[in-house]
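1. fold the following for me, if possible:
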Amino acid sequence: MSLYTPPSYDVAIVGAGAAGLMAAIWAARGGAKVVLLDGQPKAGGKILISGGGRCNVLPIESRDPVEASFHTSGSRNVLKRFFKTWRLPQIQDFVRWELEVPLVEEDDNKLFPESGKARDVRDGLVREVESCGATIVYDWRVTAIDKADANKGHTGFILHSESEEQVRAKKVILATGGESVPATGSDGFGYRLAKTLGHKQVQTFPALVPLTTNDTDLTDLAGLSLPVEWRAMVDGKEVARGVRSFLFTHKGFSGPAVLDASHYVIRDNAEILISWEATSRQEWIDYLQSRARRNVSKTVADVLPNRLAALLVERSGVRGEMRCGNLTRSTFDALLDQLCDFQLPISGNRGFAVAEVTGGGIGLDSIDPSTLESRKTPGLYLCGEILDVFGDIGGFNFQWAFISGKLAGECAAKTE
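-> Reported below is the predicted structural model:
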């Protein structure tokens, strides 16, 4: 009777999202025999739904410094090192010329596929994986990873599936994603695999997620969108700010401004102050004083959408028919507080089900920043959202997935 011998590879990658697909490309280009294992029937589920199905695949330009667009509880110096390994213009060229996905620029520093279809990005990655000679196996959910028994002459790892199949590999890359949008397969199982191989998990939380409110006056403004400047305040101190678009929803608040600010609320219990139309307090003072003979309601409505302007004037306690020049110091300040220091009444958030990404994850202190190899389990590499790194809205999380996937793939392919 012949004994079953599991197929053997140089590198096995767990998870066929953006990071896993990129890792497979670069591991295969490095000469390794590569298998990419995914529990879903198709690759790149989160790619397909990103950007409302249009896929904001990258930013146009990096902010200065580049790591200012990314967040971690680990070392900022380590984070900075990653972005030197593959510069943004090089990644853009890779997508355009090697994945053959033409890109177009949109406002707010965003690059999209020219076709407007996220599928083109996913298909370009899959096509390149296959052209490099790597094997993709779908509906193969990894349930456990064991280190091979050296006493029996084996090295590397044994990967087990739900159907009790096995795969052997000299190296393993975990690219399983986090916990956001679990319907696509990123339900946190990668953290459990990492823990069995010696890793500790930094507390996870939904990031880039819409916030909720119980204030029905504000939810009645659903569909209204405008630019704002937001400030995150912790114990009276400003910890972050930004200027992005803000959206009122039937459940609360969304849009790039809110998504970028959300993790400060969830992780740090921050208060979020809003300056509507990103207009500063001094600009509002100058504007209102220059219109002394006009009534307050019409003056504010000339700058802000009518429904929002009426609500803010009402909440300031100022009578809308008053002339701007007749405002007292206290009523003037009360109006300014509503216009440029409006505290969002936040009751919660929409959770992992709709969060763009996961905050927290496997800590950067447990990997070699030069290779992404585990310090706990040699031969194991981690990349993408499973690590304690995420970016702002606007293509930055694809940038992180691509950079970390490339680095992990290249390094895992190297022989000792």
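
2. for residue 343, see how far away the nearest residue to residue 221 once chain neighbours are set aside is.
-> Residue nearest to residue 221 in three dimensions, not counting chain neighbours: residue 248, with 4.1 Å by CB to CB, 6 or more residues apart in numbering. All C-beta atoms are positioned from the backbone trio N, CA, C, and that covers glycine. Distance of residue 248 to residue 343, given as CB to CB, to the nearest Å: 15 Å.

3. same check, this time on residue 387
-> On the measure of CB to CB, residue 387 and residue 343 end up 33 Å apart.

4. which one's more surrounded, these two?
-> Shown here are residue 387 and residue 343; by other CB atoms under 10 Å, residue 387 has more neighbours (29 against 12).

5. hey, what's the more buried one bridged with?
-> Counting by DSSP bridges, residue 387 forms beta bridges with residue 362.

6. in contact with it, which residues?
-> Neighbour list for residue 387: 361-362, 364, 367, 404 [criterion: CB atoms under 8 Å, 6 or more residues apart in numbering].

7. rewinding a little: now the residue nearest to residue 221: how far from residue 257?
-> Relative to residue 257, and taking CB to CB, residue 248 is found at 12 Å.

8. please apply the same query to residue 175.
-> 30 Å.

9. out of those two, which sits in the more crowded spot?
-> residue 175 (31 against 24).

10. what sits closest to the more buried one if chain neighbours are left out?
-> Among residues not flanking residue 175 along the chain, residue 20 sits closest, at 3.4 Å (CB to CB, 6+ apart).

11. which SS class is that neighbour?
-> Using DSSP: H, G, I helix; E, B strand; the rest coil, the structure places residue 20 in helix.

12. now residue 274
-> Per three-state DSSP, residue 274 ends up strand.

13. which residue packs closest to it, ignoring adjacent ones?
-> Nearest to residue 274 is residue 342, by CB to CB, 6+ apart, at 4.5 Å.

14. residues in contact with that neighbour?
-> Applying CB under 8 Å, 6+ apart, the residues near residue 342 are 273-276, 312.

15. again, only this time at 7 Å
-> 273-274, 276 (CB atoms under 7 Å, 6 or more residues apart in numbering).

16. ok, the contacts of residue 387 vs residue 117, which is closest?
-> Closest approach between those and residue 117, by CB to CB: residue 404, at 24.9 Å.

17. looks to me like that closest one is in a helix.
-> Yes. Assigned with three-state DSSP, residue 404 falls within a helix.

18. that one and residue 386 touch, don't they?
-> No. Between residue 404 and residue 386 there is no contact under CB atoms under 7 Å: 9.4 Å.

19. number of residues surrounding residue 100?
-> Neighbours of residue 100 (other CB under 10 Å): 12.

20. hmm, back to that, what are the phi and psi angles of the residue nearest to residue 221?
-> phi -80, psi 140 (degrees, to the nearest 10).

21. before we move on, what about residue 136?
-> phi -110, psi 130.

22. and it, how far from residue 182?
-> 21 Å.

23. who's more crowded, these two?
-> residue 136 (20 against 15).

24. surely the more buried one meets residue 34?
-> No. Counting by CB under 7 Å, residue 136 stays clear of residue 34, with 9.3 Å between them.

25. ok, the residue nearest to residue 175 to residue 229 distance?
-> 37 Å.

26. and for residue 183?
-> 34 Å.

27. looking at the two now, which is surrounded by more residues?
-> Between residue 183 and residue 229, residue 229 has the larger neighbour count (other CB under 10 Å), namely 19 against 11.

28. now do the SS call for that one.
-> Under three-state DSSP, residue 229 falls in the strand class.

29. list the buried residues of the host helix or strand of residue 143.
-> Element membership for residue 143, per DSSP states H and E: strand 142-147. Neighbour counts over strand 142-147 (16 or more other CB atoms under 10 Å) mark 142, 145, 147 as buried.

30. okay, the first one and residue 16: tell me how far apart.
-> Taken as CB to CB, the spacing of residue 142 relative to residue 16 amounts to 12 Å.

31. next one: the second one
-> Distance from residue 145 to residue 16, counting by CB to CB: 16 Å.

32. now do the last one
-> Counting by CB to CB, the gap between residue 147 and residue 16 amounts to 23 Å.

33. list the contacts for residue 308?
-> By CB under 7 Å, 6+ apart, residue 308 lies in contact with 221, 224, 276.

34. would you say it is within a helix?
-> Yes. Under the criterion used here (three-state DSSP), residue 308 sits inside a helix.

35. where does it land on pLDDT?
-> The model reports residue 308 with a pLDDT of 98.
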